[in-house]
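Trainee: below are the sequence and a predicted model; questions follow.
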Amino acid sequence: MKLKDIPRTATFAWSPGQHIPIIATGTVAGALDASFSNTTELELFHLNLDKNEALELQPSGVVSSNARHVLSFFISDIYILDDLSSNVLVFRFDRLVWGISGDKSYGIIAGGMESGELDLWDPAIILEGGDNEKALLLRNTSHSGNVRGLQFNPFQNNLLASAATNGEIFIWDLTKPDKPYTPGTRSPKMEEITHLAWNNQVQHILATSSTTSYTVIWDLKNKREVMHLSYAGPSVSNVTTNIGRRSITAVAWNPDMATQIITASEDDSNPVIAIWDLRNAHAPEKILTGHQKGILSLSWCTKDADLLLSCGKDNRTLCWNPGTAEIIGELPPSSNWAFDVQWCPGNPDLLASASFDGKISIHSLQSSQDNNEITSISDNSDPFAISPVHQPSLSLKQPPKWLRRPVAANFGFGGKLVAFKSSAGPNKRTVTIYTIASEPEVIQRSLELESAVEENSLSTFCKNREKNSKSEFDEENWKILHTLFNDNENARELLVKHLGFSKADVISQISTAVKSLELNKSQQDEDDKVSSESTNFVDQDIVTKSEVDATSLDEGPSETKSENIELFSSNDLGEPSHASDLFSSEVIPDAFPIQSESLGSRDSSSFTAFNLGSFKIYPLQGSEVDKLITRSIVLGDFESAVNLCLETNRLSDAVLLAGCGGPELLQRTRKIYFEKQMSTVPYLRLLQSIVSGDLSDIVFNADLSEWQEVLVVLCTFAKSEEFGGLCNSLGQRLEKEYKKLTEPSSNMDDKSKGLSYRKNAVLCYLAAGNLENVVNIWITEQEEEESQEFKNDEQGEESIFSGSRYSCRAKSLQSLIEKIAVFRKAIDYVDTSLVKSLDLSSEGETNQQYDLSTLYDKYIEYAELLAAQGRLNTALKYLNLTPSDYKINSNESLIIRERLYHSGIEVKGTKEPLAPFLPVFVECTTSSISTTTIL
């Protein structure tokens with residue numbers, strides 16, 4: 001984009017350094033302006049690009065290069081060079097350069113004059129408006145002709161090289177400018193030197209070009225000519241060139257390669273730029289063709305070796321890529337020769353071109369101007385004025401190096417990181433795709449889980465997780481899950497042990513109690529004897545109700561005590577007898593079975609009861625009630641005997657006799673027994689539920705503080721088909737109590753108690769195999785744990801999970817998924833909603849409600865986590881645990897499904913997801929089309 005114009009026919013130089021760019025102009029030799037003025041001026045122009053001023057710049061400082069009396073000084077030494085007469089000849093500039101000086105804020109301007117003079121100026125004084133004598137630092141007339149070669153050394157700012165006619169080359173040390181030195185013996189290849197250039201990599205190498213078509217390379221350290229270059233043969237592309245003796249007008253070194261140099265030819269018949277590699281200087285490495293007439297100036301961008309400017313007699317200023325020998329841009333042509341072009345050293349976005357049409361045009365590579373804009377100025381008053389012609393501003397085919405990213409990276413789906421970096425050689429980039437795992441711990445745990453499932457080693461997996469648990473509650477969960485995979489013991493027995501109950505402990509306690517009772521056995525027998533003798537017998541034909549009650553009161557306690565001891569006594573095998581054996585619901589065999597063989601045929605040893613001694617069926621001391629019961633037994637009328645025992649409150653005797661009278665009598669007797677004894681004997685209500693096989697009374701009515709005992713009863717006595725439902729009901733009672741105690745209005749003690757109920761409810765749900773209920777609690781706990789972790793992080797307190805918030809969330813989610821996956825495997829859970837969605841012919845309901853919706857959300861989140869870590873197959877596996885029509889209207893769900901489905905992994909059996917975005921037709925017109933290259 002064109003920024004400014006300087007209305008001067010002048011050679012120019014950019015200011016070095018980091019300050020705002022300034023352009024110095026010197027009236028060029030060999031040209032006159034419209035006024036035929038013979039003045040020679042050195043002018044400085046501030047660009048003022050941040051100000052919206054006129055296109056043409058006005059000078060900020062001006063001095064005349066002619067002076068009647070000249071006093072020149074530099075640093076601390078003063079040099080009296082000349083005392084000119086009043087009739088001063090006017091000499092103009094052939095070359096102008098601007099270098100850096102340590103003690104001068106704006107550096108030094110050097111001018112090579114057509115008279116052979118070399119002038120040094122202080123731009124700071126010129127900008128301050130000082131006079132010529134103060135601004136001029138040095139004027140030397142050592143050269144005998146036009147000084148067309150002039151440049152400061154890029155490594156040593158105090159060294160200045162100048163070259164003129166007759167092959168004169170001087171090296172000036174500005175700390176001692178009175179005596180320059182030469183690089184060596186004058187070269188016979190040099191006549192009138194047109195240009196010179198310092199090597200950009202080796203500070204003592206210098207190149208000079210001449211009108212003889214030769215370019216000479218000098219080694220200043222050894223003070224000798226080391227090489228000369230000349231090209232006069234045919235060019236590339238079947239074009240014959242004949243440079244012959246035509247001038248080489250410009251020379252420039254590659255800013256990055258010490259052995260590459262370019263030369264430009266002034267020959268109108270073959271205006272070429274030759275690129276030389278000094279490692280093989282027999283012929284040019286490349287020939288750049290594009291100009292129609294001779295080339296007058298070159299400028300190789302020091303910030304980007306892929307940018308080279310050239311201008312010439314065809315009025316064109318071209319931008320090349322020397323590496324590809326391609327023209328990548330062009331400035332608007334001038335109306336006369338373009339004789340000088342330069343990049344701005346401080347800001348490579350800027351460049352300037354000088355032409356003999358009386359303008360120095362300043363351009364920028366960064367253009368905000370539409371290429372279709374017309375940028376020409378016409379005089380409306382001129383009837384012969386030509387209509388405006390479209391002249392596009394400079395637009396490169398490639399971005400400059402300083403705007404190119406040397407390295408860049410971007411994350412992609414599936415944990416991929418795509419990065420590129422610069423490689424050896426021009427425009428070469430290496431693109432690498434990495435798989436980045438930001439959460440290696442989560443990946444490792446995920447692999448362990450998948451391996452345990454495939455190898456069926458979940459028992460070991462649960463045990464390891466139990467050892468590594470970071471909370472007591474988590475440890476307890478893994479203990480329960482571990483019991484579900486134990487092949488050596490029954491799961492219910494393991495659960496009972498986990499709750500702290502053991503049959504061996506109960507047996508030991510009862511044995512201790514029995515020994516304590518035996519110590520008082522003699523005294524107890526004596527008391528029973530006295531009580532028996534003091535019993536009053538009634539008339540044998542009439543038995544009153546009161547006497548029956550009295551008898552039962554005397555006999556009842558003794559029988560009950562004997563029963564309690566016998567219930568928990570050991571059998572002949574030394575194993576504990578089950579309490580339910582006493583009240584078995586099985587059919588009692590016939591009390592008087594018909595034997596197939598006589599009693600005499602049996603061995604007397606088999607009738608151990610015959611050795612107990614003789615007895616009377618109707619003892620004299622027996623009561624009338626005893627005799628009636630005995631008579632009923634003898635006759636086999638057990639029902640009458642049971643009724644009499646119940647009436648006399650001999651409840652234990654009634655239960656024993658009912659066992660001989662058939663199942664109906666036994667069941668009825670049990671019921672009466674429990675009704676009468678339940679209020680006085682606390683364990684009988686429990687026993688009633690056990691004997692009847694209906695444990696719902698215990699589950700729904702037992703105090704929740706004794707939930708462990710209730711669960712143990714279920715583990716011991718519940719039928720397989722009823723166990724899950726009863727455990728689930730107990731868990732629901734505990735969860736309901738948790739919600740009640742953790743209401744916002746509850747105090748801290750109630751909330752703490754409520755949380756313990758929630759923990760106990762999880763254990764019940766695990767025992768019940770209820771995935772829906774246990775998952776809801778686990779998810780709630782996971783979110784609470786995550787929230788607490790973030791809170792601890794904000795307060796600087798110790799956290800369970802280390803790392804960033806994302807890392808904490810990922811680890812917490814991994815822990816949740818592990819428990820859920822193990823539990824699903826343990827109970828072989830089948831998700832009916834998922835089975836339905838797998839039917840490829842079915843269409844899901846948009847607003848369908850799912851019992852496991854919270855779990856599905858976690859599965860989707862976990863799939864996104866695994867996908868971000870590069871675990872795409874596992875991510876799809878968990879995503880397939882959600883119905884395909886779940887959250888079908890959610891972009892988040894559809895995006896992860898669609899990306900996984902089309903990620904290139906195996907998707908057999910997976911329904912193709914809907915596209916997450918609707919296509920939108922965008923109408924496009926020709927005028928709105930633009931192309932943008934993003935690097």
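Mentor: That came in fine, so what should we check first?
Trainee: the helices in the stretch 701-850 of the chain, which residues?
Mentor: All helices of the stretch 701-850 of the chain, identified by DSSP state H, counting those that start in this stretch, fall at 707-717, 720-741, 748-768, 771-795, 805-827, 832-837.
Trainee: check which residues of the first one are buried.
Mentor: By that I understand helix 707-717. For helix 707-717, a neighbour-count test (16 or more other Cβ atoms under 10 Å) marks 707, 710-717 as buried. No exception for glycine: its C-beta is placed from N, CA and C like everyone else's.
Trainee: let's have the residues you listed in TSV, adding distance to Ile261 and pLDDT.
Mentor: TSV is the format used below for these (distance: Cβ to Cβ, whole Å; pLDDT from 0 to 100):
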residue	distance to Ile261	pLDDT
Trp707	93	90
Val710	97	89
Leu711	93	90
Val712	96	89
Val713	100	89
Leu714	96	89
Cys715	94	88
Thr716	99	87
Phe717	102	89
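Trainee: now do the contacts for Ile362.
Mentor: 2-6, 23, 47, 350-352 (Cβ atoms under 8 Å, 6 or more residues apart in numbering).
Trainee: could I get the buried residues of helix 707-717 as CSV with distance to Thr648?
Mentor: Converted to CSV, the buried residues of helix 707-717 look like this (distance: Cβ to Cβ, whole Å):
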residue, distance to Thr648
Trp707, 40
Val710, 36
Leu711, 40
Val712, 37
Val713, 33
Leu714, 37
Cys715, 39
Thr716, 35
Phe717, 32
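Trainee: read off the pLDDT value for the nearest residue to Glu168 once chain neighbours are set aside.
Mentor: Nearest residue to Glu168, sequence neighbours excluded (Cβ to Cβ, 6 or more residues apart in numbering): His143, at 5.4 Å. Per-residue confidence at His143 stands at 91 (pLDDT).
Trainee: surely His143 meets Asp119?
Mentor: No - using Cβ atoms under 8 Å as the test, His143 is too far from Asp119 to be in contact (11.6 Å).
Trainee: looks like Phe823 contacts Asn770 (just checking).
Mentor: No - in this structure, Phe823 is not within contact of Asn770 by Cβ under 8 Å, at 9.8 Å.
Trainee: the residue nearest to Glu168 should be in a strand, yeah?
Mentor: No - read with DSSP: H, G, I helix; E, B strand; the rest coil, His143 is coil and lies in no strand.
Trainee: mind listing what Asn776 touches?
Mentor: Counted by Cβ under 8 Å, 6+ apart, Asn776 has contacts Thr854.
Trainee: now swap in Val655 and tell me
Mentor: 666, 669-670, 673.
Trainee: could you redo the last one with a cut-off of 7 Å?
Mentor: 669-670, 673 (Cβ atoms under 7 Å, 6 or more residues apart in numbering).
Trainee: what of Ile860?
Mentor: 879, 882, 893, 896.
Trainee: and the angle from the host helix or strand of it to helix 771-795?
Mentor: Ile860 is part of helix 853-868 when elements are defined by DSSP states H and E. Relative orientation of helix 853-868 versus helix 771-795 (axes from the mean of the first three to the mean of the last three Cα atoms, to 10 degrees): 60 degrees.
Trainee: tell me the mean pLDDT for helix 853-868?
Mentor: The model assigns helix 853-868 a mean pLDDT of 92.
Trainee: quick one on the thing from earlier: which of the contacts of Val655 tops the neighbour count?
Mentor: Comparing the contacts of Val655 by number of neighbours (other Cβ atoms under 10 Å), Thr669 comes first, having 24 neighbours.
Trainee: for it, what are phi and psi?
Mentor: phi -70, psi -40 (degrees, to the nearest 10).
Trainee: surely it touches Ala654?
Mentor: Yes - between Thr669 and Ala654 a contact is recorded at 5.4 Å, counting by Cβ atoms under 7 Å.
Trainee: quick check: neighbours shared by the two?
Mentor: Common neighbours of Thr669 and Ala654 (Cβ under 7 Å, 6+ apart) are Val642.
Trainee: my guess is Leu741 contacts Asp749, does it?
Mentor: No - counting by Cβ under 7 Å, Leu741 stays clear of Asp749, with 9.1 Å between them.
Trainee: of the two, which one has the most company?
Mentor: Regarding Leu741 and Asp749, a neighbour count based on other Cβ under 10 Å identifies Leu741 as having more, with 19 against 9.
Trainee: so who does that one touch?
Mentor: 750-751, 753-754, 757.
Trainee: could you flag which of those are buried?
Mentor: Among these, those classed as buried by 16+ other Cβ under 10 Å are 753-754, 757.
Trainee: just name the closest of the contacts of Val655 to Asp314, please.
Mentor: Using Cβ to Cβ, Arg670 is the member of the contacts of Val655 that lies nearest Asp314, at 122.5 Å.
Trainee: can you tell me the SS state at Asn222?
Mentor: Per three-state DSSP, Asn222 ends up coil.
Trainee: ok, it to His228 distance?
Mentor: 16 Å (Cβ to Cβ, to the nearest Å).
Trainee: with neighbour numbers in mind, choose between these two.
Mentor: Under the neighbour definition other Cβ under 10 Å, Asn222 and His228 were set side by side, and His228 has more, 17 against 11.
Trainee: so what's the more buried one bridging to?
Mentor: Val216 (DSSP bridges).
Trainee: and it, how far from Ser213?
Mentor: With Cβ to Cβ as the criterion, His228 and Ser213 are 10 Å apart.
Trainee: do Asn468 as well
Mentor: 83 Å.
Trainee: when those two are compared, which one has more neighbours?
Mentor: Between Asn468 and Ser213, counting by other Cβ under 10 Å, Ser213 is the more crowded of the two (21 against 11).
Trainee: quick one: secondary structure of that one?
Mentor: Under three-state DSSP, Ser213 comes out as coil.
Trainee: which helix or strand contains the closest residue to His498 other than its chain neighbours?
Mentor: Spatial nearest neighbour of His498, excluding adjacent residues (Cβ to Cβ, 6+ apart): Lys479 at 6.0 Å. Remark: Lys479 resides in helix 472-483, with elements defined by DSSP H and E.
Trainee: tell me which residues of the next helix or strand after that helix come out buried.
Mentor: Using DSSP H and E, the helix or strand that follows helix 472-483 in sequence is helix 491-498. By 16+ other Cβ under 10 Å, the buried positions in helix 491-498 come out as 492-496, 498.
Trainee: closest to Val341 out of these?
Mentor: His498 (88.9 Å).
Trainee: so the closest one touches Leu481, yeah?
Mentor: No - if you go by Cβ under 7 Å, His498 and Leu481 don't touch, sitting 11.2 Å apart.
Trainee: Cys319: how many residues sit nearby?
Mentor: 26.
Trainee: roughly how far does Ile629 sit from Lys401?
Mentor: Taking Cβ to Cβ, one finds Ile629 at 117 Å from Lys401.
Trainee: which of those two has more neighbours?
Mentor: Neighbour count, other Cβ under 10 Å: between Ile629 and Lys401, Ile629 has more, with 23 against 18.
Trainee: grab the nearest non-local neighbour of that one.
Mentor: Ala641 (4.9 Å).
Trainee: which helix or strand contains that neighbour?
Mentor: helix 638-647.
Trainee: in that helix, what counts as buried?
Mentor: Buried, per 16+ other Cβ under 10 Å, within helix 638-647: 638-646.
Trainee: nearest to Val625 among those?
Mentor: Among the buried residues of helix 638-647, and counting by Cβ to Cβ, the member closest to Val625 is Leu644, at 6.7 Å.
Trainee: surely the closest one and Ile629 touch.
Mentor: Yes - contact criterion Cβ under 7 Å: Leu644 and Ile629 qualify, at 5.7 Å.
Trainee: ok so, going back, got the contacts of Leu741 as a markdown table, with pLDDT columns?
Mentor: Putting the contacts of Leu741 into a markdown table (pLDDT from 0 to 100) gives the following:
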| residue | pLDDT |
| --- | --- |
| Asp750 | 88 |
| Lys751 | 87 |
| Lys753 | 89 |
| Gly754 | 88 |
| Tyr757 | 89 |
